[in-house]
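S.K.: Quick one, structure for this:
(one chain, ligands or ions: 1)
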Amino acid sequence: MAKRIADLRSDTVTRPDAPMYAAMVSAPVGDDIHGDDPSINELQERFAELVGMEAALFVPSGSMGNSLALTAWTRRGDEVIIPSECHIFRYECGSASFLAGVELVEVDSSTGAPDPAEVKRRYKSGGFHSSRSSLLTFENTHNYRGGLISPQCLLEEASAFAHENGMHIHMDGARLWNASIALGLSMAELASVADSVMCCLSKGLGCPVGSLLAGPADFIGEAKRLRKIFGGSMRQAGVLAGAGLYAIGHNFSRLAKDHAHAKRLAETLVNLPWAELDPEQVHTNIVIAQVPSRQAQQIMDKAEAQGVRLFALNDYEIRFVTHKDVDDKDIDHAVDVLASLKVT
Ligand SMILES: Cc1ncc(COP(=O)(O)O)c(C=O)c1O
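M.R.: You can find the predicted model right below:
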């Protein structure tokens, strides 16, 4: 019998299952650059409706969706105010400066949302000597804050200020699906504080490839032009859209299961001598535990040897992510292994 592996490194490690492959194989396709791909058109329309926006664009990755939004909403040299530790800043290889030519201004995000008071303080109207703040971003849920859901009232306050001052708002909603399920609120309600939103199909929803960017029709038109410049236009990509349509229909509501698994891991970890975390801060499918300084690698190696894969954010923080390819038995296994680890 194959050794049980609970792969908790990321929700991006999922593989398409048989019904998803079947949906991909049967998806009608055409040349999407000509607008001829019926599956992509359907997916874009479905997503725009889901998030309550005028139009949407299928893109190869979440990073590309964010880069398109940053480039379309700004002029080179502008400032973009972002929640601290957000993915755009930490994990997108400097694409904001490389592609959009903007400066990033981090504001505190310990609640998951950019602190509205700090957004107000850091805002610059521009002029002859200084750059202008033209875009504010949100990240909901916040990956590096352990999948924290941004309090909607803080997003509303920051959003109102930004709009009063002529800024646009882009939401990195790679895992907005998780926030929607955890809160019982629609994607449209959650996205209503932003002018554009990017959501990934390749994370909790389990698709092999793809993200969607939504916003006003003219913004999406510009994003489509930029997608060509960035090399992200595809042809018969309806096979990927087929997976996306299947995932929205079948893998969205099941995210509650991943959240319950993450809670279980958090409740186990909090009782272990080598892990520190607040289970109350585990809102969705990500758990981040602080471990004794420079012990992350040792813990990961010992867990891996027993079939539990983890991801170290640095040498004192380990991330555990639940997803559709870890079931109840995998979580039982992970709990047993973690509880038995001897950390020296
Ligand atoms: C919050 C967030 N935004 C954006 C992305 C980028 O997505 P991709 O890996 O598809 O480029 C990720 C990926 O993990 C993410 O966690």
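S.K.: Tell me, what's the model's pLDDT at the residue lying closest to residue 111 once chain neighbours are set aside?
M.R.: Nearest non-adjacent residue to residue 111, counting by Cβ to Cβ, 6 or more residues apart in numbering: residue 151, 5.7 Å away. To be clear about C-beta, it is placed using only N, CA and C from the backbone, and glycine gets the same treatment. Looking at residue 151, its pLDDT reads 98.
S.K.: Which of the residues in the helix or strand where residue 178 lies are classified as buried?
M.R.: Per DSSP states H and E, residue 178 falls inside helix 176-183. The neighbour-count check on helix 176-183 (16 or more other Cβ atoms under 10 Å) flags 176, 177, 178, 179, 180, 181, 182 as buried.
S.K.: Equivalent analysis for stretch 315-329, please.
M.R.: Buried-residue list, stretch 315-329, by 16+ other Cβ under 10 Å: 317, 318, 319, 320, 321, 322, 323, 324, 326.
S.K.: Out of those residues, which is nearest to residue 287?
M.R.: Residue 287 has its nearest neighbour among the buried residues of stretch 315-329 in residue 320, at 4.3 Å by Cβ to Cβ.
S.K.: what's downstream of the helix or strand harbouring the closest one, the next helix or strand?
M.R.: Per DSSP H and E: residue 320 is located in strand 317-321. Toward the C-terminus, strand 317-321 is succeeded by helix 328-340 as the next helix or strand (DSSP H and E).
S.K.: buried sites along that following helix?
M.R.: Judged by neighbour count (16+ other Cβ under 10 Å), helix 328-340 contains these buried residues: 330, 331, 333, 334, 335, 337, 338.
S.K.: Find out how far it is from the centre of the chain, if you would.
M.R.: On the basis of Cα atoms, centre = their mean, to the nearest Å, helix 328-340 sits 26 Å off its chain's mean C-alpha point.
S.K.: Show me what it is packed up against.
M.R.: Secondary-structure packing of helix 328-340 (3 or more Cβ pairs under 8 Å, 6 or more residues apart in numbering; DSSP states H and E): strand 6-7, helix 255-269, strand 308-309.
S.K.: and among these, the most buried is which?
M.R.: Compared across the helices and strands packed on helix 328-340, strand 6-7 shows the largest average neighbour count, a mean of 22 (mean count of other Cβ atoms under 10 Å).
S.K.: Any idea how many residues pack against the residue in the stretch 51-200 of the chain positioned nearest to the ligand?
M.R.: The stretch 51-200 of the chain approaches the ligand most closely through residue 62 (2.5 Å), counting by Cβ to the nearest ligand atom. Neighbours of residue 62 under the rule other Cβ atoms under 10 Å: 27.
S.K.: Which residue ranges of the stretch 51-200 of the chain form strands?
M.R.: Secondary structure of the stretch 51-200 of the chain (DSSP state E, counting those that start in this stretch): strands at 55-59, 79-83, 103-107, 133-139, 168-172, 196-200.
S.K.: Helices of the chain, start to end?
M.R.: For the chain, the helices defined by DSSP state H occupy 18-26, 38-50, 62-73, 87-90, 95, 116-122, 152-164, 176-183, 187-191, 217-229, 238-250, 255-269, 296-305, 328-340.
S.K.: Out of the ones you listed, which gets nearest to residue 141?
M.R.: Closest to residue 141 of these is helix 176-183 (Cβ to Cβ; 5.2 Å).
S.K.: Specify the angle between that closest one and helix 152-164 in degrees.
M.R.: 130 degrees (axes from the mean of the first three to the mean of the last three Cα atoms, to 10 degrees).
S.K.: For the closest residue to residue 41 other than its chain neighbours, give its distance to the ligand.
M.R.: Computed as Cβ to Cβ, 6+ apart, the closest residue to residue 41 that is not its neighbour in sequence is residue 35, at 7.1 Å. Distance of residue 35 to the ligand, given as Cβ to the nearest ligand atom, to the nearest Å: 24 Å.
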